[in-house]
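Q: sequence-free structure coming up:
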């Protein structure tokens, strides 16, 4: 039988995935004009909205995908624990990012 990683560590990795993905999206958004040039009339808002939908789907899958899988696999307590760990890690990461923002000068 294969030994599994603890839920807290799994959820940390998923939360770090959210951080990396968010960082990449922010990088694209802050450098969009340099990379893609000035957006014409309608294409800029369309690109932004598509990126927003893709981001919501990706982050939703990272945060909720594993708990939903566990829930439907009959491991309801594990699913709730995973979701709570995930939200907790995201809270910790968010606080760290805001602290860096406040003190990075």
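A: Received the coordinates, thanks. If you're wondering where the values come from, they're calculated on a predicted model, not measured in any experiment.

Q: In this protein, spot the helix with the most residues.
A: helix 43-72 (DSSP state H).

Q: Confidence-wise, which helix or strand of the chain is lowest on average?
A: Taking mean pLDDT, DSSP states H and E as the measure, the chain has helix 32-36 as its least confident helix or strand, at a mean of 80.

Q: Show me which positions of that one end up buried.
A: By neighbour count on 16 or more other CB atoms under 10 Å, the buried set for helix 32-36 is residue 32. (Glycine included, C-beta is placed from N, CA and C.)

Q: again with stretch 8-24
A: 11-12, 14-15, 18-19, 22.

Q: And for stretch 77-97?
A: Buried residues in stretch 77-97 (16+ other CB under 10 Å): 79, 81-83, 85-86, 89-90, 93.

Q: could I get those residues as TSV with distance to residue 41, pLDDT and secondary structure?
A: Shown next, in TSV, are the buried residues of stretch 77-97 (distance: CB to CB, whole Å; pLDDT from 0 to 100; DSSP: H, G, I helix; E, B strand; the rest coil):
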residue	distance to residue 41	pLDDT	secondary structure
79	45	95	helix
81	49	96	helix
82	44	96	helix
83	42	96	helix
85	45	96	helix
86	40	96	helix
89	41	97	helix
90	36	96	helix
93	37	97	helix
